[in-house]
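1. No sequence on hand, only this structure:
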DNA sequence: TCCATATTCAACCGGTTGGTTAAATACCCT
DNA sequence: AGGGTATTTAACCAACCGGTTGAATATGGA
């Protein structure tokens, strides 16, 4: 379920180990064995993580003898930032309009209207 | 497992229905019943989705009689964009350095060194 | 008080996920 | 051919996820 590109990318990055792998690939290509070394999990588990990242388009592989180095495909990040920025902008614009409206009416200062109960 | 903030946010947005809810909340606050209306799923399912978004800090609730309107907390987006931009920048910098090195050596034009095999 | 509305909680179900171990595959080297 | 290294596949398992139905809770209004 949820096999569209954006879902795959967000889902892939929802795991801290995979985010860590991405972080390390940002500094340079690496093989599965190299990537697996710092973790306690087996190399097979890391291989699965790489597959998830690959299916999301975040990682590509090449071949070098037995090794299959992983390469970070950073362009995919654009897909996320575009989505995020779009709705952030919409929300901020709406907030600005509300703010201006309150200013105009001469109500209480903005941001004190509702009990927000945000998560800790 | 994976209960850190960034994991919760990415995980929350990995579901298309939840992304859609976020998109709609960007245009204005809404109740669970209002949000559930366009979907085929039950209102309980949507309530669960809201809970996930709330745990991730993406949504806050207020009270208005029986209604508990949902409000988008767009600041959380910053957490993601900061993470994304950091590693994108690292990867791009590395690419630029490699590019410059190849230029210096007088090798082939950049981007033609490895078989990338990227996902479709 | 009684009823309608809005929302959540509880229990359940099938599919997915992240991990394991064991076996298979792919490639290099002598 | 045979052995070593790198990696993937297969089968399995417990936990989680998104959905359901049914019951509970909370609030407003007649």
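-> Now that the structure is in, tell me what you want to look at. From a predicted model like this one, the values you see are computed outputs, not experimental measurements.
2. Which residue ranges of chain A form helices?
-> A:5-13, A:16-25, A:32-36, A:43-55, A:76-105 (DSSP state H).
3. residues near residue A:43, how many?
-> Using other CB atoms under 10 Å in any protein chain shown, residue A:43 has 14 other residues around it. Every residue, glycine included, has its C-beta placed from N, CA and C.
4. repeat for the one 5 residues further on
-> Residue A:48 has 13 neighbouring residues, counting by other CB under 10 Å.
5. Domain map for chain A?
-> A:5-72, A:75-107 (automatic domain parsing).
6. Okay, now the unreliable bits of chain A?
-> Scanning chain A for pLDDT under 70 picks out the ranges A:1, A:106-120.
7. residues in it within reach of DNA strand C, list them.
-> A:1, A:11, A:14-15, A:17, A:40-42, A:44-45, A:48-49, A:52, A:63, A:65-66 (CB under 7 Å from any atom of the strand).
8. Buried among those residues? Make that a PyMOL selection.
-> Typed into PyMOL, the line below selects the buried ones among the residues of chain A next to DNA strand C, using 16 or more other CB atoms under 10 Å in any protein chain shown:
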select buried, chain A and resi 11+14+15+49+52
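9. can you put the domains of chain A in CSV and add distance to residue B:34?
-> Formatted as CSV, those follow (distance: least, CB to CB, whole Å):
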stretch, distance to residue B:34
domain A:5-72, 24
domain A:75-107, 16
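10. Which one of these lies nearest to residue B:33?
-> domain A:75-107 (21.1 Å; CB to CB).
11. Buried residues in that closest one, which are they?
-> Buried-residue list, domain A:75-107, by 16+ other CB under 10 Å: A:76-77, A:79-81, A:83-84, A:87-88, A:90-91, A:94, A:102.
12. hmm, that domain in reach of chain B?
-> Yes: judged by CB under 8 Å from any CB of the partner chain, domain A:75-107 comes into contact with chain B through A:77, A:80-81, A:83-85, A:87-88, A:90-92, A:94-95.
13. just how off-centre is that domain within its chain?
-> On the basis of CA atoms, centre = their mean, to the nearest Å, domain A:75-107 sits 20 Å off its chain's mean C-alpha point.
14. out of the buried residues of domain A:75-107, which one sits closest to residue B:72?
-> Nearest to residue B:72 among those, with distances taken as CB to CB, is residue A:91, at 5.2 Å.
15. And the closest one, how far from DNA strand C?
-> 20 Å (CB to the nearest atom of the strand, to the nearest Å).
16. Does that residue touch residue B:26 like I think?
-> Yes: at 4.6 Å, residue A:91 and residue B:26 qualify as touching, with contact defined as CB atoms under 8 Å.
17. Overlap of the contact sets of these two?
-> Common neighbours of residue A:91 and residue B:26 (criterion: CB atoms under 8 Å, 6 or more residues apart in numbering or on different chains): B:72, B:74.
18. quick revisit: nearest to residue B:31, of the helices of chain A?
-> Of all the helices of chain A, it is helix A:76-105 that lies closest to residue B:31, at 17.1 Å by CB to CB.
19. now the helices of chain A as JSON lines including distance to residue B:36?
-> Below are these laid out as JSON lines (distance: least, CB to CB, whole Å):
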{"stretch": "helix A:5-13", "distance to residue B:36": "20"}
{"stretch": "helix A:16-25", "distance to residue B:36": "32"}
{"stretch": "helix A:32-36", "distance to residue B:36": "42"}
{"stretch": "helix A:43-55", "distance to residue B:36": "31"}
{"stretch": "helix A:76-105", "distance to residue B:36": "20"}
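20. So which of those helices is nearest residue B:58?
-> Residue B:58 sits nearest to helix A:76-105 of all the helices of chain A, at 10.2 Å, using CB to CB.
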